[in-house]
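Peer 1: Quick one, what's the 3D model for this:
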Amino acid sequence: MSNKIFFLPILAVILIGFLYPLGAPESNKGTVLKGEEDIMNINNENIETATFGGGCFWCMEHPFEIIDGVYDVVSGYAGGDVENPTYEQVSTGTTGHIETVQIRFNPEIVSYSDLLDVFWRQIDPTDNGGSFIDRGSQYQNAIFYHSLEQKKTAEISLMELNNSGRFDNPIVTPIREFTNFYPAEDYHQDYYKKSPQRYEFYRMNSGRDQYRERVWGDDKDYIPGDESYRKPAETELRGKLNPLQYDVTQNCGTERAFENEYWDNKEAGIYVDIVSGEPLFSSTDKFNSGTGWPSFFKPIEGQELVEKVDKSLFSVRTELRSPGADSHLGHLFNDGPQPTGLRYCVNSASLRFIPVENMEEEGYGEYLDLFR
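Peer 2: Sure thing, here's the model as predicted:
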(Lines give C-alpha, C1' and ligand atoms only; values in the text may rest on other atoms or scores of the structure.)
Protein backbone atom coordinates (compact mmCIF):
# COMPACT_ATOMS: atom_id res chain seq x y z
CA MET A 1 0.00 0.00 0.00
CA SER A 2 1.40 3.30 -1.08
CA ASN A 3 1.61 5.08 2.26
CA LYS A 4 3.69 2.23 3.61
CA ILE A 5 6.53 3.29 1.35
CA PHE A 6 7.68 6.11 3.58
CA PHE A 7 8.52 3.78 6.42
CA LEU A 8 10.84 1.49 4.44
CA PRO A 9 14.57 1.89 3.79
CA ILE A 10 15.50 4.01 0.78
CA LEU A 11 16.19 0.98 -1.40
CA ALA A 12 12.83 -0.49 -0.50
CA VAL A 13 11.17 2.80 -1.43
CA ILE A 14 12.65 2.64 -4.89
CA LEU A 15 11.72 -0.99 -5.40
CA ILE A 16 8.18 -0.66 -4.11
CA GLY A 17 7.69 2.38 -6.27
CA PHE A 18 8.58 0.15 -9.19
CA LEU A 19 6.46 -2.77 -8.02
CA TYR A 20 3.28 -0.89 -7.04
CA PRO A 21 0.60 -1.12 -9.74
CA LEU A 22 0.54 1.81 -12.12
CA GLY A 23 -2.56 3.85 -12.74
CA ALA A 24 -5.32 5.21 -10.53
CA PRO A 25 -7.04 2.72 -8.21
CA GLU A 26 -10.48 1.54 -9.12
CA SER A 27 -13.31 3.22 -7.24
CA ASN A 28 -14.87 1.31 -4.41
CA LYS A 29 -18.41 0.24 -5.24
CA GLY A 30 -18.67 -2.60 -2.73
CA THR A 31 -21.77 -3.64 -0.87
CA VAL A 32 -22.25 -2.45 2.69
CA LEU A 33 -22.86 -5.22 5.21
CA LYS A 34 -24.59 -4.04 8.37
CA GLY A 35 -26.26 -5.70 11.31
CA GLU A 36 -25.76 -7.36 14.66
CA GLU A 37 -25.42 -10.79 13.09
CA ASP A 38 -24.77 -11.85 9.49
CA ILE A 39 -25.82 -15.48 9.19
CA MET A 40 -27.03 -16.86 5.89
CA ASN A 41 -27.78 -20.20 4.31
CA ILE A 42 -25.82 -21.39 1.28
CA ASN A 43 -26.34 -24.90 -0.06
CA ASN A 44 -28.24 -25.72 3.14
CA GLU A 45 -25.22 -24.89 5.30
CA ASN A 46 -25.06 -22.35 8.11
CA ILE A 47 -22.67 -19.54 7.30
CA GLU A 48 -21.49 -17.06 9.90
CA THR A 49 -19.33 -13.97 9.58
CA ALA A 50 -16.21 -12.89 11.45
CA THR A 51 -14.52 -9.51 11.03
CA PHE A 52 -10.93 -8.85 12.13
CA GLY A 53 -8.61 -5.88 11.82
CA GLY A 54 -4.98 -6.93 11.65
CA GLY A 55 -3.15 -4.12 9.90
CA CYS A 56 -2.42 -4.54 6.21
CA PHE A 57 -5.29 -6.60 4.83
CA TRP A 58 -3.02 -7.98 2.12
CA CYS A 59 -1.39 -10.09 4.82
CA MET A 60 -4.62 -11.18 6.52
CA GLU A 61 -6.45 -12.93 3.69
CA HIS A 62 -4.30 -15.99 3.02
CA PRO A 63 -4.05 -17.33 6.63
CA PHE A 64 -7.84 -17.63 6.75
CA GLU A 65 -8.51 -18.67 3.15
CA ILE A 66 -6.60 -21.95 3.56
CA ILE A 67 -8.75 -23.07 6.52
CA ASP A 68 -11.25 -25.86 5.92
CA GLY A 69 -14.74 -24.48 6.49
CA VAL A 70 -13.89 -20.91 5.39
CA TYR A 71 -15.84 -19.98 2.26
CA ASP A 72 -14.38 -16.59 1.44
CA VAL A 73 -12.28 -13.77 2.86
CA VAL A 74 -12.83 -10.17 1.72
CA SER A 75 -10.53 -7.22 2.40
CA GLY A 76 -12.25 -4.00 3.39
CA TYR A 77 -12.79 -1.13 5.81
CA ALA A 78 -14.80 -1.27 9.05
CA GLY A 79 -15.75 0.71 12.11
CA GLY A 80 -15.70 4.23 10.73
CA ASP A 81 -18.14 7.01 9.98
CA VAL A 82 -17.57 7.61 6.26
CA GLU A 83 -19.87 5.68 3.94
CA ASN A 84 -18.34 3.69 1.10
CA PRO A 85 -14.81 5.06 1.67
CA THR A 86 -11.94 4.76 -0.79
CA TYR A 87 -8.49 3.49 0.07
CA GLU A 88 -7.13 7.03 -0.27
CA GLN A 89 -9.63 8.29 2.31
CA VAL A 90 -9.00 5.49 4.80
CA SER A 91 -5.22 5.81 4.46
CA THR A 92 -5.39 9.37 5.83
CA GLY A 93 -6.47 7.98 9.21
CA THR A 94 -9.36 10.46 9.45
CA THR A 95 -12.36 8.26 8.55
CA GLY A 96 -12.43 6.14 11.69
CA HIS A 97 -12.20 3.01 9.54
CA ILE A 98 -9.48 0.41 9.88
CA GLU A 99 -8.30 -2.15 7.34
CA THR A 100 -10.08 -5.42 8.00
CA VAL A 101 -10.89 -8.82 6.58
CA GLN A 102 -14.39 -10.24 6.68
CA ILE A 103 -14.62 -14.03 6.79
CA ARG A 104 -17.60 -16.22 5.96
CA PHE A 105 -17.30 -19.64 7.58
CA ASN A 106 -19.24 -22.75 8.52
CA PRO A 107 -19.17 -23.04 12.34
CA GLU A 108 -19.88 -26.77 12.07
CA ILE A 109 -16.48 -27.20 10.39
CA VAL A 110 -14.36 -24.45 11.96
CA SER A 111 -15.27 -22.60 15.15
CA TYR A 112 -15.07 -18.89 15.85
CA SER A 113 -12.59 -19.75 18.61
CA ASP A 114 -10.36 -21.46 16.02
CA LEU A 115 -10.46 -18.34 13.85
CA LEU A 116 -9.38 -16.27 16.86
CA ASP A 117 -6.43 -18.62 17.40
CA VAL A 118 -5.36 -17.92 13.82
CA PHE A 119 -5.99 -14.18 14.20
CA TRP A 120 -3.75 -13.78 17.27
CA ARG A 121 -0.86 -15.38 15.37
CA GLN A 122 -1.00 -12.73 12.62
CA ILE A 123 -0.70 -9.58 14.75
CA ASP A 124 1.12 -7.86 17.61
CA PRO A 125 -1.79 -7.53 20.07
CA THR A 126 0.26 -5.30 22.39
CA ASP A 127 0.57 -2.52 19.79
CA ASN A 128 -2.19 0.12 19.67
CA GLY A 129 -0.42 2.52 17.31
CA GLY A 130 -0.66 0.50 14.12
CA SER A 131 0.67 -2.82 12.85
CA PHE A 132 4.38 -3.46 12.35
CA ILE A 133 5.75 -1.04 9.75
CA ASP A 134 2.32 0.52 9.15
CA ARG A 135 1.57 3.26 11.68
CA GLY A 136 -1.67 5.08 12.27
CA SER A 137 -5.20 4.41 13.50
CA GLN A 138 -6.22 2.87 10.16
CA TYR A 139 -3.83 -0.03 10.82
CA GLN A 140 -4.88 -0.80 14.38
CA ASN A 141 -5.88 -4.32 15.39
CA ALA A 142 -9.47 -5.05 16.38
CA ILE A 143 -12.02 -7.81 16.78
CA PHE A 144 -15.51 -6.82 15.57
CA TYR A 145 -18.08 -9.17 17.10
CA HIS A 146 -21.31 -9.96 15.22
CA SER A 147 -23.17 -11.50 18.16
CA LEU A 148 -23.03 -11.64 21.94
CA GLU A 149 -21.73 -15.20 21.63
CA GLN A 150 -18.80 -13.99 19.51
CA LYS A 151 -18.14 -11.22 22.03
CA LYS A 152 -17.97 -13.68 24.92
CA THR A 153 -15.74 -16.07 22.96
CA ALA A 154 -13.39 -13.21 22.02
CA GLU A 155 -13.19 -11.96 25.62
CA ILE A 156 -12.30 -15.44 26.89
CA SER A 157 -9.72 -15.91 24.14
CA LEU A 158 -8.11 -12.54 24.91
CA MET A 159 -8.02 -13.25 28.64
CA GLU A 160 -6.39 -16.66 28.14
CA LEU A 161 -3.77 -15.18 25.83
CA ASN A 162 -3.10 -12.33 28.25
CA ASN A 163 -2.53 -14.85 31.04
CA SER A 164 -0.33 -17.12 28.95
CA GLY A 165 2.87 -15.19 29.66
CA ARG A 166 3.70 -15.11 25.96
CA PHE A 167 3.85 -11.31 25.83
CA ASP A 168 5.87 -8.86 27.92
CA ASN A 169 3.20 -6.16 27.62
CA PRO A 170 -0.58 -6.37 28.08
CA ILE A 171 -2.87 -7.05 25.14
CA VAL A 172 -4.58 -3.88 23.91
CA THR A 173 -6.53 -5.24 20.94
CA PRO A 174 -10.11 -3.89 21.34
CA ILE A 175 -13.23 -6.04 21.06
CA ARG A 176 -15.79 -3.85 19.30
CA GLU A 177 -19.37 -4.32 18.19
CA PHE A 178 -19.66 -4.72 14.43
CA THR A 179 -21.43 -1.78 12.79
CA ASN A 180 -20.38 -1.67 9.15
CA PHE A 181 -18.04 -3.11 6.56
CA TYR A 182 -17.17 -1.80 3.10
CA PRO A 183 -15.25 -4.09 0.70
CA ALA A 184 -12.00 -2.59 -0.53
CA GLU A 185 -11.26 -1.91 -4.18
CA ASP A 186 -10.91 -4.93 -6.46
CA TYR A 187 -7.15 -4.56 -6.83
CA HIS A 188 -6.75 -5.14 -3.07
CA GLN A 189 -8.67 -8.43 -3.09
CA ASP A 190 -6.48 -11.58 -3.10
CA TYR A 191 -3.43 -9.39 -3.59
CA TYR A 192 -1.12 -12.23 -2.58
CA LYS A 193 -2.39 -14.16 -5.62
CA LYS A 194 -2.58 -11.29 -8.11
CA SER A 195 0.84 -9.79 -7.33
CA PRO A 196 2.84 -12.45 -5.45
CA GLN A 197 6.25 -10.80 -5.94
CA ARG A 198 5.06 -7.40 -4.74
CA TYR A 199 3.21 -9.03 -1.87
CA GLU A 200 6.21 -11.05 -0.71
CA PHE A 201 8.49 -8.02 -0.99
CA TYR A 202 6.16 -5.91 1.15
CA ARG A 203 5.66 -8.67 3.68
CA MET A 204 9.40 -9.31 4.00
CA ASN A 205 10.04 -5.62 4.75
CA SER A 206 7.07 -5.10 7.06
CA GLY A 207 8.52 -7.01 10.02
CA ARG A 208 5.35 -9.09 10.44
CA ASP A 209 6.86 -12.51 9.81
CA GLN A 210 9.96 -11.77 11.86
CA TYR A 211 7.73 -10.90 14.81
CA ARG A 212 5.59 -14.03 14.35
CA GLU A 213 8.67 -16.23 14.23
CA ARG A 214 10.06 -14.65 17.40
CA VAL A 215 6.83 -14.86 19.42
CA TRP A 216 5.20 -18.04 18.12
CA GLY A 217 8.07 -20.07 16.67
CA ASP A 218 6.99 -23.38 15.12
CA ASP A 219 3.37 -22.68 16.09
CA LYS A 220 3.07 -19.48 14.05
CA ASP A 221 1.23 -21.12 11.14
CA TYR A 222 -1.44 -22.90 13.18
CA ILE A 223 -4.26 -24.22 11.03
CA PRO A 224 -7.43 -25.53 12.73
CA GLY A 225 -8.09 -29.18 12.09
CA ASP A 226 -6.96 -32.59 13.19
CA GLU A 227 -4.35 -32.06 15.90
CA SER A 228 -2.65 -35.32 14.88
CA TYR A 229 -1.39 -33.53 11.78
CA ARG A 230 0.47 -30.85 13.71
CA LYS A 231 4.25 -30.52 13.50
CA PRO A 232 5.95 -32.27 16.46
CA ALA A 233 8.49 -30.61 18.74
CA GLU A 234 12.01 -30.10 17.40
CA THR A 235 13.60 -32.84 19.52
CA GLU A 236 10.97 -35.36 18.43
CA LEU A 237 11.31 -34.23 14.81
CA ARG A 238 15.06 -34.82 14.71
CA GLY A 239 14.61 -38.25 16.19
CA LYS A 240 11.89 -39.15 13.71
CA LEU A 241 13.51 -38.00 10.44
CA ASN A 242 16.74 -39.04 8.78
CA PRO A 243 19.13 -36.23 7.75
CA LEU A 244 17.78 -36.00 4.18
CA GLN A 245 14.15 -35.96 5.29
CA TYR A 246 14.91 -33.24 7.83
CA ASP A 247 16.84 -31.14 5.30
CA VAL A 248 14.08 -31.37 2.68
CA THR A 249 11.09 -30.76 4.94
CA GLN A 250 12.61 -28.19 7.30
CA ASN A 251 15.29 -26.46 5.20
CA CYS A 252 13.66 -26.61 1.74
CA GLY A 253 16.30 -29.02 0.52
CA THR A 254 16.04 -31.10 -2.67
CA GLU A 255 16.89 -34.75 -3.17
CA ARG A 256 18.57 -36.15 -6.30
CA ALA A 257 16.39 -36.89 -9.31
CA PHE A 258 15.97 -40.61 -10.15
CA GLU A 259 17.73 -41.47 -6.87
CA ASN A 260 14.82 -41.24 -4.47
CA GLU A 261 12.35 -43.73 -3.06
CA TYR A 262 9.10 -43.04 -4.87
CA TRP A 263 9.87 -41.48 -8.24
CA ASP A 264 8.94 -44.72 -10.09
CA ASN A 265 6.67 -46.28 -7.48
CA LYS A 266 3.63 -47.79 -9.21
CA GLU A 267 1.89 -49.37 -6.23
CA ALA A 268 -1.65 -48.37 -5.31
CA GLY A 269 -1.94 -46.33 -2.12
CA ILE A 270 -1.65 -42.87 -0.66
CA TYR A 271 1.27 -40.58 0.15
CA VAL A 272 1.27 -38.77 3.50
CA ASP A 273 3.45 -36.09 5.07
CA ILE A 274 6.53 -37.79 6.54
CA VAL A 275 6.41 -35.31 9.44
CA SER A 276 2.76 -35.48 10.49
CA GLY A 277 1.06 -38.28 8.56
CA GLU A 278 -1.32 -35.84 6.88
CA PRO A 279 -2.76 -37.30 3.62
CA LEU A 280 -1.33 -35.41 0.64
CA PHE A 281 -1.52 -37.42 -2.61
CA SER A 282 -3.04 -40.57 -4.07
CA SER A 283 -1.44 -43.00 -6.51
CA THR A 284 -4.58 -42.55 -8.63
CA ASP A 285 -3.35 -39.02 -9.44
CA LYS A 286 0.33 -39.93 -9.95
CA PHE A 287 1.97 -39.86 -13.38
CA ASN A 288 5.40 -40.34 -14.92
CA SER A 289 6.70 -36.83 -15.61
CA GLY A 290 10.16 -37.96 -16.67
CA THR A 291 11.73 -35.59 -14.13
CA GLY A 292 12.91 -38.21 -11.65
CA TRP A 293 10.66 -37.06 -8.80
CA PRO A 294 7.18 -38.21 -7.75
CA SER A 295 4.66 -36.17 -9.76
CA PHE A 296 0.91 -35.77 -9.30
CA PHE A 297 -1.67 -33.75 -11.24
CA LYS A 298 -3.60 -32.86 -8.06
CA PRO A 299 -3.56 -33.40 -4.29
CA ILE A 300 -5.66 -36.11 -2.67
CA GLU A 301 -9.42 -35.52 -2.47
CA GLY A 302 -10.30 -32.71 -0.05
CA GLN A 303 -6.73 -31.49 0.43
CA GLU A 304 -5.53 -27.98 -0.35
CA LEU A 305 -1.80 -27.43 -0.13
CA VAL A 306 -0.14 -24.20 0.92
CA GLU A 307 1.48 -22.33 -1.99
CA LYS A 308 4.26 -19.79 -1.49
CA VAL A 309 6.43 -17.73 -3.83
CA ASP A 310 9.97 -19.12 -4.06
CA LYS A 311 12.60 -16.75 -5.47
CA SER A 312 15.63 -19.00 -4.96
CA LEU A 313 17.90 -20.24 -7.75
CA PHE A 314 17.47 -16.98 -9.69
CA SER A 315 13.89 -17.79 -10.66
CA VAL A 316 10.35 -17.41 -9.38
CA ARG A 317 8.56 -20.68 -8.61
CA THR A 318 5.58 -21.82 -6.56
CA GLU A 319 6.64 -23.72 -3.47
CA LEU A 320 4.35 -26.40 -2.03
CA ARG A 321 4.01 -26.90 1.74
CA SER A 322 1.76 -29.17 3.79
CA PRO A 323 -1.03 -27.27 5.59
CA GLY A 324 -0.79 -29.16 8.88
CA ALA A 325 2.94 -29.46 9.62
CA ASP A 326 4.21 -26.78 7.20
CA SER A 327 6.64 -29.26 5.63
CA HIS A 328 8.40 -28.28 2.42
CA LEU A 329 7.15 -30.70 -0.24
CA GLY A 330 8.39 -29.46 -3.61
CA HIS A 331 7.08 -27.15 -6.33
CA LEU A 332 4.05 -26.64 -8.55
CA PHE A 333 4.35 -26.27 -12.33
CA ASN A 334 1.89 -25.66 -15.17
CA ASP A 335 3.09 -28.46 -17.44
CA GLY A 336 1.11 -31.41 -16.12
CA PRO A 337 -1.49 -33.60 -17.83
CA GLN A 338 -5.22 -33.07 -17.99
CA PRO A 339 -7.62 -32.66 -16.31
CA THR A 340 -5.72 -30.05 -14.26
CA GLY A 341 -2.71 -29.26 -16.45
CA LEU A 342 -0.65 -29.06 -13.24
CA ARG A 343 2.44 -30.93 -12.03
CA TYR A 344 2.92 -31.25 -8.30
CA CYS A 345 6.62 -32.15 -8.23
CA VAL A 346 7.34 -33.56 -4.78
CA ASN A 347 10.40 -34.87 -2.95
CA SER A 348 10.16 -38.49 -1.88
CA ALA A 349 11.88 -37.44 1.34
CA SER A 350 8.77 -35.40 2.25
CA LEU A 351 6.51 -38.42 1.87
CA ARG A 352 5.61 -41.75 3.40
CA PHE A 353 3.79 -44.23 1.18
CA ILE A 354 0.95 -46.35 2.59
CA PRO A 355 -0.15 -49.26 0.38
CA VAL A 356 -3.88 -49.85 -0.07
CA GLU A 357 -3.79 -53.03 2.01
CA ASN A 358 -2.41 -51.10 5.02
CA MET A 359 -4.62 -48.01 4.83
CA GLU A 360 -7.47 -49.28 7.05
CA GLU A 361 -5.07 -50.50 9.72
CA GLU A 362 -3.15 -47.19 9.76
CA GLY A 363 -6.27 -45.04 10.07
CA TYR A 364 -6.77 -43.96 6.45
CA GLY A 365 -9.79 -46.14 5.65
CA GLU A 366 -11.84 -43.12 4.53
CA TYR A 367 -9.68 -42.93 1.39
CA LEU A 368 -10.25 -46.53 0.27
CA ASP A 369 -13.09 -45.39 -1.99
CA LEU A 370 -10.44 -43.86 -4.26
CA PHE A 371 -9.39 -47.38 -5.24
CA ARG A 372 -12.79 -49.03 -5.70
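Peer 1: Quick one, grab the pLDDT at residue 4.
Peer 2: Predicted confidence (pLDDT) at residue 4: the value is 45.
Peer 1: ok, now the one 10 residues further on?
Peer 2: For residue 14, the pLDDT comes out at 39.
Peer 1: Report the central residue of the chain.
Peer 2: residue 63 (2.6 Å; CA atoms, centre = their mean).
Peer 1: quick one, phi psi at it?
Peer 2: In terms of degrees, to the nearest 10, the main-chain angles of residue 63 are phi -60, psi -30.
Peer 1: wait, it sits on residue 118?
Peer 2: Yes: between residue 63 and residue 118 there is a contact under CB atoms under 8 Å: 5.6 Å. Backbone N, C-alpha and C define where each C-beta goes, glycine included.
Peer 1: so who does residue 207 touch?
Peer 2: 132, 133 (CB atoms under 8 Å, 6 or more residues apart in numbering).
Peer 1: what about it, distance to residue 231?
Peer 2: 24 Å (CB to CB, to the nearest Å).
Peer 1: And for residue 315?
Peer 2: 28 Å.
Peer 1: neighbour-wise, which of the two wins?
Peer 2: Higher neighbour count among residue 315 and residue 231: residue 231, with 21 against 7, using other CB atoms under 10 Å.
Peer 1: Now the more buried one. Nearest residue, chain neighbours left out?
Peer 2: Distances taken as CB to CB, 6 or more residues apart in numbering place residue 325 nearest to residue 231, at 4.0 Å, with adjacent residues excluded.
Peer 1: mind checking how far that neighbour is from residue 219?
Peer 2: 11 Å.
Peer 1: Show me which of the two is the more surrounded one.
Peer 2: When residue 325 and residue 219 are compared for neighbours, residue 325 comes out ahead with 23 against 13, by other CB under 10 Å.
Peer 1: OK, contacts around that one?
Peer 2: 229, 230, 231, 249, 273, 275, 276, 278.
Peer 1: now this structure, which segments are flagged as low pLDDT?
Peer 2: Per-residue confidence for the chain (pLDDT under 70) gives these ranges: 1-45, 225-228.
Peer 1: So which elements touch the lengthiest helix in it?
Peer 2: Identified as the longest helix of the chain according to DSSP state H is helix 148-162. With contacts taken as 3 or more CB pairs under 8 Å, 6 or more residues apart in numbering; DSSP states H and E, helix 148-162 sits against helix 112-120, strand 141-145, strand 175-177.
Peer 1: one step back: kindly confirm my reading that the residue nearest to residue 231 is in a helix.
Peer 2: No: Residue 325 is assigned coil when assessed by DSSP: H, G, I helix; E, B strand; the rest coil, not a helix.
Peer 1: Can you tell me how far it is from residue 299?
Peer 2: Using CB to CB, residue 325 is found at 15 Å from residue 299.
Peer 1: three-state assignment of residue 280?
Peer 2: Per three-state DSSP, residue 280 ends up strand.
Peer 1: thought it was touching residue 305?
Peer 2: Yes: the criterion here is CB under 8 Å, and residue 280 meets it with residue 305 at 7.3 Å.
Peer 1: Now do the helices in the stretch 101-250 of the chain.
Peer 2: For the stretch 101-250 of the chain, the helices defined by DSSP state H, counting those that start in this stretch occupy 112-120, 148-162, 191-194, 196-206, 208-216, 234-240, 243-251.
Peer 1: buried set for the second one?
Peer 2: It stands for helix 148-162. Across helix 148-162, burial judged by 16 or more other CB atoms under 10 Å covers 150, 151, 153, 154, 157, 158, 161, 162.
Peer 1: Reformat these as a markdown table; add distance to residue 269.
Peer 2: Output for the buried residues of helix 148-162, formatted as a markdown table (distance: CB to CB, whole Å):
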| residue | distance to residue 269 |
| --- | --- |
| 150 | 43 |
| 151 | 48 |
| 153 | 41 |
| 154 | 44 |
| 157 | 40 |
| 158 | 45 |
| 161 | 42 |
| 162 | 47 |
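Peer 1: doesn't residue 185 make contact with residue 86?
Peer 2: Yes: counting by CB under 8 Å, residue 86 does reach residue 185; the two are 7.3 Å apart.
Peer 1: Residue 246: how many residues sit nearby?
Peer 2: When neighbours are defined as other CB under 10 Å, residue 246 has 17 of them.
Peer 1: measure it to residue 274 for me?
Peer 2: According to CB to CB, residue 246 stands 10 Å off from residue 274.
Peer 1: Residue 320 now?
Peer 2: Separation of residue 320 from residue 274 (CB to CB) stands at 14 Å.
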